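S.K.: Here's my sequence, what's the structure:
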Amino acid sequence: MSEGVIARGAEAVLILKGDKVIKRRLKKGYRIAELDERIRRERTRIEAKLTCMARRCGVPTPIVYDADGYDLVMEYIEGTLLKHCLNEKLSMRAGQMAAMLHAGGIVHYDLTTSNMLLDAKKRLYLIDFGLAAFDGSLEGFGMDVHLYLQSVRATYADEALASAFLEGYKSKSPHFDEVIGRVREIERRARYL
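M.R.: Numbering: from 1, shown residues only. As a prediction, this is how the structure comes out:
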């Protein structure tokens, strides 16, 4: 396993170091320095907490080892992004994971096939809690489900994948009907933007 930068995004860079990955939040030059430092520290701390809480809810996530300043140190999971290997069975598992996350009062807010990894043992992990929040609202749950469904429909144009996700979600969610009602409302609002 080589070490160094493995991914770069708008907010952070991922650095592989041995069997760990470091998510380092990047400085934003357009922010006042003190504000930037506070925002990056808080987001790092909150992401660590939410990742750990999701794991306690039964959602497979990387193990968080440390959150220090702007660095989040986690278990490195070698795998394939779900968007590269998605099928109905995996989409159903993604739906189950989403329902378990929501049962714990957590909304991911970036629930797409780009934020799920399938490892060599066929275990599916939810990653990147950078936008996540403690949110027990139907609106938050509906936004997560809507985002996943939209990403699948736009990428694959395969309604069976969306149906499998919903089947998985329903199997673990006591509030399925209410959440789906909110998803429909979100879809209606989105049409008029």
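
S.K.: Can I get stretch 24-35 as PDB, trimmed to CA atoms?
M.R.: Taking only C-alpha atoms (Å, rounded to 0.1, in the frame of the first residue of the first chain), the coordinates of stretch 24-35 have been written out as PDB:
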ATOM      1  CA  ARG A  24      -7.400  17.000   6.500                       C
ATOM      2  CA  ARG A  25      -9.700  19.900   6.200                       C
ATOM      3  CA  LEU A  26      -8.200  22.600   4.000                       C
ATOM      4  CA  LYS A  27      -7.700  26.300   4.900                       C
ATOM      5  CA  LYS A  28     -10.100  28.600   3.100                       C
ATOM      6  CA  GLY A  29      -8.200  31.900   2.200                       C
ATOM      7  CA  TYR A  30     -11.500  33.800   1.700                       C
ATOM      8  CA  ARG A  31     -12.500  33.400   5.400                       C
ATOM      9  CA  ILE A  32     -11.200  35.400   8.300                       C
ATOM     10  CA  ALA A  33      -8.400  33.200   9.700                       C
ATOM     11  CA  GLU A  34      -9.900  32.800  13.200                       C
ATOM     12  CA  LEU A  35     -13.300  31.900  11.800                       C
END
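
S.K.: Lowest average confidence across helices and strands of this protein, where is it?
M.R.: Of all the helices and strands that make up the chain, the one with the lowest confidence by mean pLDDT, DSSP states H and E is strand 4-8; it has a mean of 90.

S.K.: in its sheet, what does that strand sit against?
M.R.: strand 12-17 (antiparallel) (DSSP bridges).

S.K.: Tell me the gap between the least confident helix or strand of the chain and the middle of its chain.
M.R.: A distance of 19 Å separates the centroid of the chain from that of strand 4-8, by C-alpha atoms, centre = their mean, to the nearest Å.

S.K.: immediately after the top helix by length along the chain, which helix or strand?
M.R.: The helix spanning the most residues in the chain, taking DSSP state H as the definition, is helix 33-56. Past helix 33-56, further along toward the C-terminus, the next helix or strand under DSSP states H and E is strand 64-68.

S.K.: Check which residues of that next one are buried.
M.R.: For strand 64-68, the neighbour count (16 or more other C-beta atoms under 10 Å) marks V64, A67 as buried. For every residue, glycine as well, the C-beta is placed using N, CA and C.

S.K.: do the same with stretch 90-101
M.R.: In terms of neighbour count (16+ other C-beta under 10 Å), stretch 90-101 has its buried residues at L90, S91, M92, R93, A94, G95, Q96, M97, A98, A99, M100, L101.

S.K.: quick one: average confidence on it?
M.R.: Mean per-residue pLDDT for stretch 90-101: 98.

S.K.: Send me it as PDB with only the CA atoms.
M.R.: The C-alpha coordinates for stretch 90-101 follow below in PDB (Å, rounded to 0.1, in the frame of the first residue of the first chain):
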ATOM      1  CA  LEU A  90     -26.500  -3.700  -2.800                       C
ATOM      2  CA  SER A  91     -29.000  -1.000  -3.400                       C
ATOM      3  CA  MET A  92     -31.400  -2.800  -1.000                       C
ATOM      4  CA  ARG A  93     -28.500  -2.900   1.600                       C
ATOM      5  CA  ALA A  94     -28.000   0.800   1.100                       C
ATOM      6  CA  GLY A  95     -31.600   1.400   1.900                       C
ATOM      7  CA  GLN A  96     -31.300  -0.700   5.100                       C
ATOM      8  CA  MET A  97     -28.300   1.300   6.200                       C
ATOM      9  CA  ALA A  98     -30.100   4.600   5.500                       C
ATOM     10  CA  ALA A  99     -33.000   3.500   7.700                       C
ATOM     11  CA  MET A 100     -30.700   2.400  10.500                       C
ATOM     12  CA  LEU A 101     -28.900   5.800  10.300                       C
END
